[in-house]
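Undergrad: what's the 3D shape of this:
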Amino acid sequence: MTDVTKELDARGLNCPLPILKAKKAINELNSGEVLKVIATDPGSVKDFEAFTKQTGHELLESAEQGGEFVFLIKKS
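TA: Numbering: from 1, shown residues only. The predicted model follows:
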């Protein structure tokens, strides 16, 4: 189990808002800390894959649970 430092509820938000809010939240973390994002936008799966590749952060987990998408992102 990964220790989550901060959780972001992005349910009901559509692209690009989940990414923008995640970017702001991850900027508040220290290197090595983990942000958990919960989103309902199906497009967020590809968005967060691209976001982590572009920013160098590590996408630890990407999962769907009951129509919600959960992402664990470790700050680089």
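Undergrad: only C-alpha atoms for contact and neighbour calcs from this point on.
TA: Noted.
Undergrad: Where does the prediction get shaky in the protein?
TA: By pLDDT under 70, the weakly predicted segments of the chain are 1.
Undergrad: Next up, the contacts around the residue lying closest to residue 17 once chain neighbours are set aside.
TA: Counting by C-alpha to C-alpha, 6 or more residues apart in numbering, residue 10 is the residue found nearest to residue 17 once chain neighbours are left out, at 7.9 Å. By C-alpha atoms under 8 Å, 6 or more residues apart in numbering, the contact list for residue 10 reads 17, 18, 21, 37, 38, 39, 40.
Undergrad: Would you mind measuring from residue 10 to residue 44?
TA: 10 Å (C-alpha to C-alpha, to the nearest Å).
Undergrad: Which neighbours do those two have in common?
TA: residue 18.
Undergrad: Which stretches in this protein count as helices?
TA: Along the chain, counting by DSSP state H, helices occupy 17-27, 44-55.
Undergrad: Dump these to JSON lines, plus mean neighbour count and distance to residue 74.
TA: Shown next, in JSON lines, are the helices of the chain (neighbours: other C-alpha atoms under 10 Å; distance: least, C-alpha to C-alpha, whole Å):
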{"stretch": "helix 17-27", "mean neighbour count": "16", "distance to residue 74": "9"}
{"stretch": "helix 44-55", "mean neighbour count": "15", "distance to residue 74": "9"}
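Undergrad: Let me have the ones you listed in a markdown table, extended by distance to residue 75.
TA: Listed next are those as a markdown table, based on distance: least, C-alpha to C-alpha, whole Å:
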| stretch | distance to residue 75 |
| --- | --- |
| helix 17-27 | 7 |
| helix 44-55 | 9 |
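Undergrad: got a list of contacts for stretch 14-21?
TA: Contacts of stretch 14-21 with the rest of the structure, by C-alpha under 8 Å, 6+ apart, involve 8, 10, 39, 41, 43, 44, 47, 48, 51.
Undergrad: and with 10 Å instead?
TA: 8-13, 23, 25, 27, 37-44, 47-48, 51 (C-alpha atoms under 10 Å, 6 or more residues apart in numbering).
Undergrad: who are the neighbours in contact with residue 36?
TA: Contacts for residue 36 (C-alpha under 10 Å, 6+ apart) come out as 2-9, 22, 25-26, 60-62, 70-74.
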